[in-house]
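> Here you go, sequence then predicted model.
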Amino acid sequence: MSITSQLQVIKSLSKGKEDQIHRPLTRPSVLFGPKEAADIDLRLIFPLAQSGLDALIEADDRFSTYKTTIFSHATLDINREKMPPKEEEKLNKSICSYLQLLAGHLHLPASLRTLEYLIRRYQIHIFNVEELVLCALPYHDTQAFVRIVQLLDFGNKKWAFLEGVKTSGAPPPRKVIVNQCVRDKGVLEALCNYASPMKGFQHSRPVICFCTAVTVDVLGSIPKLDTDILQRILTFVFNGLNPTISGIPDHGAGALMIVGLVATRTTLAYKLVQNMILFIAQFARHEASKSSDLQRLRLAVVALVTLVQVLLKPIISQLIVEPPVTSNDFLDSPTVEEVDHYLVLCLGQMAVTVKSDVLWKPLNHEVLMQTRSELVRPKIVGLKVIKYLVEHLREEYLAFLPETIPFLGELLEDVELPVKTLAQEILRSMEALSGESLKEYL
């Protein structure tokens, strides 16, 4: 029997069932109008809820747990407000877990049938406002969301921005939610915490995709990202990159998108960048070994390269920093020669380890630009980095010859003999790799 037919049967059976003197004029409902709902007895709603639950069980077997708990026949005689505190706490825990699971299936008509019973029997629109809002938000652009919101009393809490939905009766666009997250970071934090996996539970695709979309829009809307907003989203990001926690591919992809955006929008603390690189490397290793979806692996590589570039900027800037005239006051300090050696090793090994021209090209360009300094040290160190890249990337470096050769041409004319000599060594190495003379291109 279709949902429409079932509702018509319930309406016909409800007429005359309840004493008109004691019957309320209206009742909260997501299926019926307030006055219609007042005419429908709880025992007529129960079979409707059971049929909805059966349909949900077919879609996701995890719903079967609730058939003998919050949707059992015994619940018809329960009064939540009169339950002992411990029993009510247990009931509330079951309701909250059900709403979390339902968040991935609220697009199904069957879900509203079960909500109807929860509203009537357990008054979840009063006692579980937060959980109900979070369950419904991924479907903010539907009339079902509007009907749910119209039952809720937000007071002065963080969800009060949805009051306008009650009066307009129109589903709010995502921009409304994004703007509120910008104004109140607590809303963004609530969404990210809700979408993060918990022990024994992982949210489904609609919840993860919604949280990712809102987070990306929020980060793009804020002129300057600060530590406060990063702290509110990091749990969601790191959980998405942890293959032992997140079982939803979209969560990992969403986390990578967020990392890429954050890395290009603000200066990240060195320790945070290190942690992100570690998590992304683990994620990429897992994807490479077990997944057939190369798109997520590509996303991981791009995010990893972006973060490595973040680390490269302060390192490359050291090429033009003038060393102190004397280090007598700092006996344990490394010599200038030692610093230069580690700079070359650090930059070169980073490039070799990442194994991607997405990093090699900007690194090669930035290092070459340092060789145009008027100082000798940046020219020497820059050339040593190029020499390292040529020696370790070998044939793969040949793609960068068109950019590198003009710089070498300038350095071959340098007045400083060490600079000219090093440039000549690099040119000979390039010619050996390419198998032809490059002098005509200088």
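Sure thing, it's come through.

> Cys346: neighbouring residues, count only.
Cys346 is flanked by 15 other residues according to other C-beta atoms under 10 Å. Using the backbone N, CA and C atoms, a C-beta is placed for each residue, glycine as well.

> what's the answer for Ile78, then?
Ile78: 16 neighbours (other C-beta under 10 Å).

> Next up, identify which helix or strand the residue lying closest to Thr69 once chain neighbours are set aside is on.
Spatial nearest neighbour of Thr69, chain neighbours left out: Ser94 (5.3 Å); criterion: C-beta to C-beta, 6 or more residues apart in numbering. Using DSSP states H and E, the element containing Ser94 is helix 85-102.

> what's that helix in contact with?
The contact list for helix 85-102, computed with C-beta atoms under 8 Å, 6 or more residues apart in numbering, reads 56, 60, 62-63, 66, 69-70, 78, 80, 83, 111, 114-115, 118, 122, 124, 127-128, 131-132, 134-135, 194, 201, 203.

> Sort out which of those are buried, if you could.
Neighbour-count burial (16 or more other C-beta atoms under 10 Å) is assigned, among the contacts of helix 85-102, to 56, 63, 66, 70, 78, 80, 111, 114-115, 118, 122, 124, 127-128, 131-132, 134-135, 194, 203.

> so where is the stretch 201-350 of the chain shaky, pLDDT-wise?
246-247, 291-293, 308, 311, 314, 321-334 (pLDDT under 70).

> how does it look with 50?
The model of the stretch 201-350 of the chain has pLDDT under 50 over residues 327-328.

> For it, just list every one of the helices.
All helices of the stretch 201-350 of the chain, identified by DSSP state H, counting those that start in this stretch, fall at 205-221, 227-241, 249-265, 270-290, 294-317, 336-354.

> Now do the third one: distance to the chain's middle.
With C-alpha atoms, centre = their mean, to the nearest Å as the basis, helix 249-265 stands 6 Å off its chain's centre.

> can you check the fourth one too?
Once both centres are worked out by C-alpha atoms, centre = their mean, helix 270-290 turns out to sit 14 Å from its chain's centre.

> so who does Arg296 touch?
By C-beta under 8 Å, 6+ apart, the residues touching Arg296 are 249, 252-253, 256, 287.

> circling back to that earlier point, okay, now the residue nearest to Thr69: neighbour count?
Residues contacting Ser94 under the criterion other C-beta under 10 Å number 15.

> Distance check, it against Gln100.
11 Å (C-beta to C-beta, to the nearest Å).

> again, but for Tyr66
With C-beta to C-beta as the criterion, Tyr66 and Gln100 are 12 Å apart.

> Assumed Phe400 was part of a helix.
Yes. With DSSP: H, G, I helix; E, B strand; the rest coil as the criterion, Phe400 is located in a helix.

> so how far is stretch 32-48 off the chain centroid?
40 Å.

> actually stretch 286-297, not the one I wrote
The gap between where stretch 286-297 is centred and where its chain is centred comes out at 18 Å by C-alpha atoms, centre = their mean.

> Quick one: end-to-end distance for that stretch.
End-to-end distance of stretch 286-297: 9 Å, with C-alpha to C-alpha, to the nearest Å as the criterion.

> Repeat that for stretch 65-75.
Stretch 65-75 has an end-to-end distance of 15 Å (criterion: C-alpha to C-alpha).

> Same check on stretch 148-164?
13 Å.

> Which residues does that stretch contact?
With contact meaning C-beta under 8 Å, 6+ apart, stretch 148-164 is reached by 28-30, 115, 119, 125-126, 129-130, 132-133, 136, 165-166, 169, 172, 176, 180, 184, 186-187, 190.

> Quickly note the distance from the closest residue to Gly252 other than its chain neighbours to Lys93.
Among residues not flanking Gly252 along the chain, Gly240 sits closest, at 5.1 Å (C-beta to C-beta, 6+ apart). Distance, Gly240 to Lys93, by C-beta to C-beta: 26 Å.

> okay, the two: which has more neighbours?
Shown here are Gly240 and Lys93; by other C-beta under 10 Å, Gly240 has more neighbours (30 against 10).

> Test my guess that the more buried one contacts His251.
Yes. With contacts counted by C-beta atoms under 8 Å, Gly240 reaches His251, the gap being 4.0 Å.

> Find residues that contact each of the two.
Counting by C-beta under 8 Å, 6+ apart, the contacts common to Gly240 and His251 are Ile208.

> tell me the pLDDT at Arg372?
Listed pLDDT for Arg372 reads 91.

> actually Arg183, not the one I wrote
So, for Arg183, pLDDT stands at 96.

> Kindly tell me how buried it is, as a neighbour count.
Applying other C-beta under 10 Å, I find that Arg183 has 11 neighbouring residues.

> how many neighbours does the nearest residue to Phe400 once chain neighbours are set aside have?
Excluding the flanking residues, the one nearest Phe400 by C-beta to C-beta, 6+ apart is Asn364, at 5.0 Å. By other C-beta under 10 Å, 22 other residues sit near Asn364.
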